[in-house]
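*Asks:* below are the sequence and a predicted model; questions follow.
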Amino acid sequence: MCPLVAVVFPCSKGSLPVAADPLCTRTKEVAGPTAYLGVVLAHARYHWEVSALRRSVPILTALLVAVGVAAYSVPVGAQSATPTYVQGITFRAPVRMTYTDPAQVGGPGEPSMKVDAAGTIYTAGVCCVTRAAPAWYSQDGGLTFTDLPSPGSAREHGLGAEGDFIVDDADGVYFADTWIPSIIFTRWSGHGDVWEYTEDTAIGVIPGLDDRPWLAYSHGNVYMYINHGTHITVYKTTDGGHTWDDAFTTLGRGQQYWTGHVSADRRTDDVYLFGANCTLGQMCAASSHDAGATWTEVAAGTLPRGGRADFMVASDVDEAGNVYGTFVDTNASGCDVQLAVSTDKGATWHQYRVNPEVGCATFPWVVAGDDGRVALSWYYNSAKKSQNTVPATSEWRMQSAVITGADTESPVVTYGTLDRVIHRGPLNRELWDFQQVALGPDGRFHVIMAEDFEAPCAGNLSTQGGAAAYQNMCTTYVGQASGPRLVQHAADQTSVDSVSASSLGGTVSIEGAATFGRATPMQVVTDAAGDGLPGIDIRKATVVREHATSEELVVELSADGIPEAASGAGNIYEVQLSVGGTQRQVRMIPRPWSFQLCGSAGCTRIRGDVDPGSDRLVARVPLALLGAAPGDAISVTGASAVTNTFAGGTPTIDQAPSNASYTVPGPTVTVSVTDGAGNVVASGPGALSEDLSSFSASLGGLAPGTYSVSVEACFAANCASSVTGNVIVA
């Protein structure tokens, strides 16, 4: 985060550094609009003043209090949890962003990232004041990135600097970028392929003071957090960014909640603000449960080291509505990543340390998934010093963790360290201020970070000095390869968890809970050598709807020689399907990997995974796009290796199963009533709840007597049953 002006200390005359006053820098007082803009550009260009501004927050707050602004106080009441630390996270090969604009002053640091429901990854960095923030997207799972479209450089028309993404329910993606006279707000659709509009949004802007905006989304509303230098404000739009209203502000009481962050529960009207600088030694939170109309503020964490909360701060909300905020607790002997947790919608909070190893862990970010599942990433140095005082030879690496039971008193932190040095020596803002972690639709996390150790990213202030450091910084993407996921898929085995029955007249009413396990994939190609192209030997193809809550068909291909085939011109892999007589092809195209569902009307991009270190390709086809629903039969007619596709080549069938058929499974519950002689006298389907966790049924027309009730729950052939005790029908 880098404000565009060096308003870092009060003038020697004692006046407050507000936007209407002349700028007061470290060395001289500047007056006049021309000089004002010159200082803005010069200082922001090299970013040296930002460090002082960020560390001058206590000074600014003290000044505001001195002139009559009341200090904000909140009660203290943080509790603790006891984590268990386990190694178990591995990473995919890192991929660096490329940015070659000749006007670039700084390398693309301070990266932002979001991932949409189709798996498209959106990233952005910080370039310089003379260019808009660079923004990229990837539709192949992070293997390659290209610039987000901007016809006629519509998004780049202003002197942008840094911004943030958010994705709405329709998979439209928004990006807010700072500019001296406004905030530049852009929307794309089509998973990044279609630029829709760019607008200048002058919402409470204080020219030159506004810091990076943060975005959140909920129920059609977009919320934007902005640090205005003298205070923070959260704005809200209900029309995609065309108009904005104030939702929360600290105007008149200083930069409370800075550093800070805004997050929202996508399913409700709950919005949360999490930040520092509220009272000495505390974190704080503000919560709104009516889309920003009213707010409640409480203490949200303490600093066990007794030092300060170093920047940055991040927050998120899981699927159960639990709220998480992460921050750095630092002093001269080290720094820790702390996670604050609220299980009651922001009313009370407890906290615990996330980093498993002592030293300095800093620059944390957090993203939440299912109930009690969060991922964090941070930079780690084993030296027991603050981030700016570690030895010159000490090394920084990126660490990540997935926490299960994050909302409990006994969380499990499964962590891993990327085997890559990203920086050496004190940070001193040489990697700027933060990195980010985001959630993908498959439950894996994604990290976007900065690095300046290896070529071509080598070179930092410790060795080069000045702006040259930022010219060599790189923004790098890293995906999770293994370890717990943030989205917990179905259990391996189906179970009937509870059953209760009651009678009224001749009707028995049954209620219960069930868990649906995984479906077994249908193997349509035997694990044997095929007759296809040499060196591209398809060994196995499988088709499955993995679990009851999935709306996707998973088509997996295992093959020999995929790395070799990837270098061939036009080689692809393909599984042929027939859905109700309509032919479809699931295509997997190498270098860069692209996954498509094709038919007579052309091809549509779908989500896919390349399993690191193996020859497995997994395409995920939305059932609606395939034109299939539970109960429909799909014929798998072939698995092919295709060469010279783009020159009109024809598929070479590598394995040709004899019209293997797969029926798309759906979860079912069947309830039966049995008399004393063991005869089934009534049966019928159970009605499932929307989240598939519970069921109910009513069976009538029963004569007086004593009966038992049995329940069978199935997903495909994965079934379980349970029998209740006696039920008396009077």
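*Replies:* Received it, and whenever you're ready, just let me know what you need. Numbering: from 1, shown residues only.
*Asks:* near Leu215, how many other residues are there?
*Replies:* 23 (other CB atoms under 10 Å). For every residue, glycine as well, the C-beta is placed using N, CA and C.
*Asks:* pull the distance from stretch 596-609 to the chain's centre.
*Replies:* 25 Å (CA atoms, centre = their mean, to the nearest Å).
*Asks:* the stretch 351-500 of the chain: helices as residue ranges?
*Replies:* 468-471 (DSSP state H, counting those that start in this stretch).
*Asks:* so where's it shaky on pLDDT?
*Replies:* Counting by pLDDT under 70, the ranges of the stretch 351-500 of the chain that qualify are 459-472, 488-490.
*Asks:* which parts of it are strands?
*Replies:* Under the criterion DSSP state E, counting those that start in this stretch, the stretch 351-500 of the chain contains strands at 360-368, 373-381, 395-404, 412-417, 423-424, 436-439, 445-451, 474-482, 495-504.
*Asks:* between those strands, which one is closest to Glu556.
*Replies:* strand 474-482 (16.8 Å; CB to CB).
*Asks:* tell me the bridge partners for the closest residue to Asp200 other than its chain neighbours.
*Replies:* Closest residue in space to Asp200, ignoring its immediate chain neighbours: Ser182 at 4.2 Å, by CB to CB, 6 or more residues apart in numbering. For Ser182, the residues forming beta bridges with it (DSSP bridges) are Trp179.
*Asks:* what are the ranges of the helices in the protein?
*Replies:* 33-46, 48-55, 57-66, 468-471, 562-565, 623-626 (DSSP state H).
*Asks:* which residues touch Gly506?
*Replies:* Neighbour list for Gly506: Gly700, Gly701, Leu702, Ala703, Pro704, Val729 [criterion: CB atoms under 8 Å, 6 or more residues apart in numbering].
*Asks:* and the buried ones among these, selectable in PyMOL?
*Replies:* In PyMOL syntax, the buried subset of the contacts of Gly506 is picked out as below (16 or more other CB atoms under 10 Å):
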select buried, resi 702+729
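*Asks:* now the contacts of Gly506 as JSON lines including distance to Arg266 and pLDDT?
*Replies:* Below are the contacts of Gly506 laid out as JSON lines (distance: CB to CB, whole Å; pLDDT from 0 to 100):
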{"residue": "Gly700", "distance to Arg266": "41", "pLDDT": "93"}
{"residue": "Gly701", "distance to Arg266": "45", "pLDDT": "93"}
{"residue": "Leu702", "distance to Arg266": "45", "pLDDT": "94"}
{"residue": "Ala703", "distance to Arg266": "51", "pLDDT": "93"}
{"residue": "Pro704", "distance to Arg266": "51", "pLDDT": "93"}
{"residue": "Val729", "distance to Arg266": "46", "pLDDT": "91"}
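*Asks:* nearest to Ser600, of the contacts of Gly506?
*Replies:* Gly700 (49.6 Å).
*Asks:* for that closest one, give me its contacts.
*Replies:* Gly505, Gly506, Thr507, Val508, Ala682.
*Asks:* now do Gln480
*Replies:* Counting by CB under 8 Å, 6+ apart, Gln480 makes contact with Ile89, Thr90, Phe91, Arg92, Ala375, Ser400, Arg444, Phe445, His446, Val447.
*Asks:* kindly recompute the last result at 6 Å.
*Replies:* Residues near Gln480 by CB atoms under 6 Å, 6 or more residues apart in numbering: Arg444, Phe445.
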